[in-house]
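S.K.: Next comes the sequence, and after it the predicted model I'd like to discuss.
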Amino acid sequence: MNPRFYPLAATIAIFVAAYAVCYAQFPYMLSTRVAGNLLTDNAYLGIVAVGMTVVILSGGIDLSVGSVIAFSGVFVAVMLRDSGLHPLAVFALLLLITTAFGAAMGAIIHVLAMPAFIVTLAGMFLARGAAYMLTIDSVPIAHPFYDLMQDAYWLMPGKGRLTLIGVLMLLSVLGGALVAHRTRFGASVFALGGGEQTARLMGVRVGRTTVGIYAFSGFMAGLSGLVFSVYTGSGYPLATVGTELTAIAAVVIGGTLLTGGAGYVLGTLFGVLTMGLIQTYIVFDGSLSSWWTKIVIGLLLLLFILLQKGLLRLTSARLSGAGTGAGSAARAG
Amino acid sequence: MLLTIRGLSKGFPGTKALDGVDFDLAAGEVHALLGENGAGKSTLIKCLTGAYRRDGGEITLDGQPISPGSTSEAQDLGIGTVYQEVNLLPNLTVAQNLTFGREPRRFGMVDGRAQRAEARRMLEGYGLDIDVGRDLGTYSVAVRQIVAIARAVALSGKVLILDEPTASLDAAETAMLFDVVRGLRDRGLGIVFVSHFLDQVFDLTDRLTVLRNGRKVATEVTAELDRLRLIEHMLGHELEAAERAEHALTDPQATTRPELLRFAGFGRPGHVAPFDLTVHEGEVIGLAGLLGSGRTETAELMFGAHAAQSGTARDARGDVPLATPREAIAAGFGFAPEDRKTDGIVADLSVRENIALALQARRGWARPIPRAEQARLAEEYIRRLDIRTSDADKAVGDLSGGNQQKVVLARWLAMNPRFLILDEPTRGIDVGAHAEILRLIHEITEGGMAILVISSELDELIAVAGRVIVLRDRAHVAQLIGAEITTDRIVQAIAASHGTDAPEGEAA
């Protein structure tokens, strides 16, 4: 097998193994009902993690997404309450706002040559603050169109429900994978993650790409916010605090190199599902504290970081064994 | 001529990197560009590839005047470059690297199958049998170099610049690379080959041009040139009567002075072979040799920048530990490194702070040097070394190269060392300051301090050193004392021992 698939294979193997363990203890976990719920419950996380994957592949980070999700929910709820606009119009408006928000952060990162960490940290406070400006309460969403969306599902064999938002997540993963792996924009993203200086020498338009990356992440965060509002049926400015970190964890467990340049969008889906699986297991068990989720996720993260280091070392060790000591330096650089 | 350069000039603050350089490149030739560090090779290449804007002169390609403003513009004109550090992305596949920016697409999506086919087609004729679907980073540096060449040729296709492409390759890999280069020459490309391995230059190139101090020294047909003349071209042969006279001043009796340090069997594998060296009080020792011959490595070993793995250093009182620079400084050593800008000065600190730096480091942070004392030190050395600065609180980065070098000297002199190592003390310094630094070296030694000078300028060594050690292939091969020190003798010592059996592609 091509070594570039190793981390992805490891991610999928861990998911399958975890599912096998769950199945051995609770055979019912291998049912379309559980699978359907796994997709539905993690839909918003999966969507935002796709955006985060592209950002991390480029060597960046986007800390604003959790706040943007909260802002999106509140924005939609307040707009539906206070204006007569159709939800679809509100959705379009919201996606425009969050995409522009992401693009603006990307522009600042590029033009001012600021670290993405700081710029998106500012974005995080800004978006959270904007959500509070709209309301400080939880605003319920009561609109016939929302009822329609919440009830839209396909009954799989075995009475499992494949919901609209679950399908939306799978489509996002598909879309994200195409963008990252099958477009010139995607190639530029990987190039940036491999090294900005080299990418520039190879002809990458760094500014345009950076703006595109954060705009994409902003769009995905907005979409995730919409899905979250459908999922909860309300908008609440205190929602999804820390979701950006959960998304980063899902991306890393999905096999993407945190320093950028290597990874797969499909891996992120399995990262999200693995995290969801742990939660489901704890619910099934009933006696375990839900904090065990965090502990297992922490251990998994550690495992993946070690795995990535190990793979890197293996590659460079084999190269220097072939008599080219500069290999490891070039690889690390 | 495919590429013609006439009167190319490029200056940087305080120094002239290129001064009216002419260069010709014909289609179907490999043309070596030679010179020591700082001779202007990389500046010339950067002017060609659009990384620098030239100050003056003309570049024509195929008879058309060009002035590329960026690397990609140069690429579009037909000038491709492959650097020592491969400028491709190790995290992308070979195919992605080769077709980057020109990926074949179907329905707006990159067509992976066509991309790999295109990549295999581009690699045809290079004798590589590799899986283009794998990450470039999983292949050796030699393979990456060839992939980089294939990309540059496909993108540019007229002029290929190879900047030290063999620096990290072993002999077999170098041979493989040379086959590729010869194949490209036969296809009619003009190839500029930069290397400091003379064997490779004689092996591969048709003509060569030597630069020294930003000026063209000579352009010759490689086959008609012998090694001796080439080394003379590179190291210079412009001995003036005045300098000879000055040389007479350097004390030929230096070796009879009291012994200061004795290095025995001092060496480290991969850096420099074990050597013996005795240093006397008040003596100036010169280290001569070509780039990569082990001059700087010798200095680094003596200063503990790399620990010696064999041998001892002794003085009158016994063993001197030299495993780290700290120990070397404690033993009264000083080292002004070659790259003044990155290793020598702290550009943002003032002249006063830079001079006080090493002294402060020795006192430790708990006993700060009083400001008045710092000011006194700074004033003293500004006066003694004639540092041209408006005041002691000016940032060192704003001074000219020569004055920066004097600040570095002042910092070590403030420590009052007994043994000072100067690596290329006059690099990038204008001619006036040049002579001044040499004068200072003489002055300093009058107080009994011993100095080791590394220089690519033979004239300089002849003028300043009472004894010259010649290095070749990382070993000390000859020693010249007093009147023996002449350009001819040094060049002969370098060339005579420069056998053809020297391992090719040894890392620099």
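M.R.: Cool, the structure landed.
S.K.: switch to C-alpha atoms for all contacts and neighbour counts from now on
M.R.: Will do.
S.K.: Please name the nearest non-neighbouring residue to the residue of the stretch 1-150 of chain A found nearest chain B.
M.R.: Using Cα to the nearest Cα, the closest approach of the stretch 1-150 of chain A to chain B is made by A:Asn2 at 6.3 Å. Residue nearest to A:Asn2 in three dimensions, not counting chain neighbours: B:Arg134, with 6.3 Å by Cα to Cα, 6 or more residues apart in numbering or on different chains.
S.K.: What does the pLDDT read for the one you found?
M.R.: B:Arg134 carries a pLDDT score of 90 in this model.
S.K.: other SSEs contacting the lengthiest helix in chain A?
M.R.: Under DSSP state H, the helix in chain A containing the largest number of residues is helix A:291-321. Helix A:291-321 sits against helix A:243-253, helix A:265-285, helix A:326-332, with contacts defined as 3 or more Cα pairs under 8 Å, 6 or more residues apart in numbering or on different chains; DSSP states H and E.
S.K.: would you turn the ones you listed into a markdown table with mean pLDDT and mean neighbour count?
M.R.: Formatted as a markdown table, the helices and strands packed on helix A:291-321 follow (pLDDT from 0 to 100; neighbours: other Cα atoms under 10 Å in any protein chain shown):
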| stretch | mean pLDDT | mean neighbour count |
| --- | --- | --- |
| helix A:243-253 | 94 | 25 |
| helix A:265-285 | 92 | 22 |
| helix A:326-332 | 36 | 18 |
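S.K.: These: which one's closest to chain B?
M.R.: Closest approach to chain B among the helices and strands packed on helix A:291-321 (Cα to the nearest Cα): helix A:326-332, 5.8 Å.
S.K.: Spit out the contact partners of A:Leu266.
M.R.: A:173-174, A:177, A:254 (Cα atoms under 8 Å, 6 or more residues apart in numbering or on different chains).
S.K.: meant to ask about A:Ala239, not that
M.R.: Residues in contact with A:Ala239 (Cα under 8 Å, 6+ apart) are A:Ala70.
S.K.: rerun that using 10 Å as the cut-off
M.R.: For A:Ala239, the contact set (Cα atoms under 10 Å, 6 or more residues apart in numbering or on different chains) comprises A:66-67, A:69-71, A:73-74, A:128, A:138, A:228.
S.K.: A:Phe101 now?
M.R.: Contacts of A:Phe101 (Cα under 10 Å, 6+ apart): A:64, A:68, A:95, A:107, A:123, A:127, A:214-215, A:217-219.
S.K.: where does chain A have low pLDDT?
M.R.: A:312, A:315-333 (pLDDT under 70).
S.K.: how about the spatially most central residue of it, secondary structure?
M.R.: In chain A, the centroid-proximal residue (Cα atoms, centre = their mean) is A:Ala49; its distance is 0.2 Å. The three-state label for A:Ala49, taken from DSSP: H, G, I helix; E, B strand; the rest coil, comes out as helix.
S.K.: so how far is A:Ser224 from it?
M.R.: 9 Å (Cα to Cα, to the nearest Å).
S.K.: hmm, back to that, quick check: the two most widely separated of the contacts of A:Leu266?
M.R.: A:Leu174 and A:Gly254 (15.0 Å; Cα to Cα).
S.K.: in what helix or strand does A:Ala13 lie?
M.R.: Per DSSP states H and E, A:Ala13 falls inside helix A:6-25.
S.K.: In stretch B:209-224, which residues are buried?
M.R.: B:209-220, B:222 (16 or more other Cα atoms under 10 Å in any protein chain shown).
S.K.: Can you get me a residue count around B:Val320?
M.R.: 18 (other Cα atoms under 10 Å in any protein chain shown).
S.K.: what residues are up against the residue of the stretch 101-250 of chain A found nearest chain B?
M.R.: Nearest residue of the stretch 101-250 of chain A to chain B: A:Arg182, at 4.8 Å (Cα to the nearest Cα). Contacts for A:Arg182 (Cα under 10 Å, 6+ apart) come out as A:176, B:103, B:105-106, B:108-112.
S.K.: can you tell me which of these are in helices?
M.R.: Judged by DSSP H, the contacts of A:Arg182 include A:176, B:112 as members of helices.
S.K.: Can you add distance to B:Ala366 and neighbour count and give the contacts of A:Arg182 back as a markdown table?
M.R.: Below are the contacts of A:Arg182 laid out as a markdown table (distance: Cα to Cα, whole Å; neighbours: other Cα atoms under 10 Å in any protein chain shown):
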| residue | distance to B:Ala366 | neighbour count |
| --- | --- | --- |
| A:Gly176 | 57 | 24 |
| B:Glu103 | 61 | 24 |
| B:Arg105 | 66 | 15 |
| B:Arg106 | 69 | 11 |
| B:Gly108 | 66 | 10 |
| B:Met109 | 64 | 15 |
| B:Val110 | 63 | 21 |
| B:Asp111 | 65 | 15 |
| B:Gly112 | 64 | 18 |
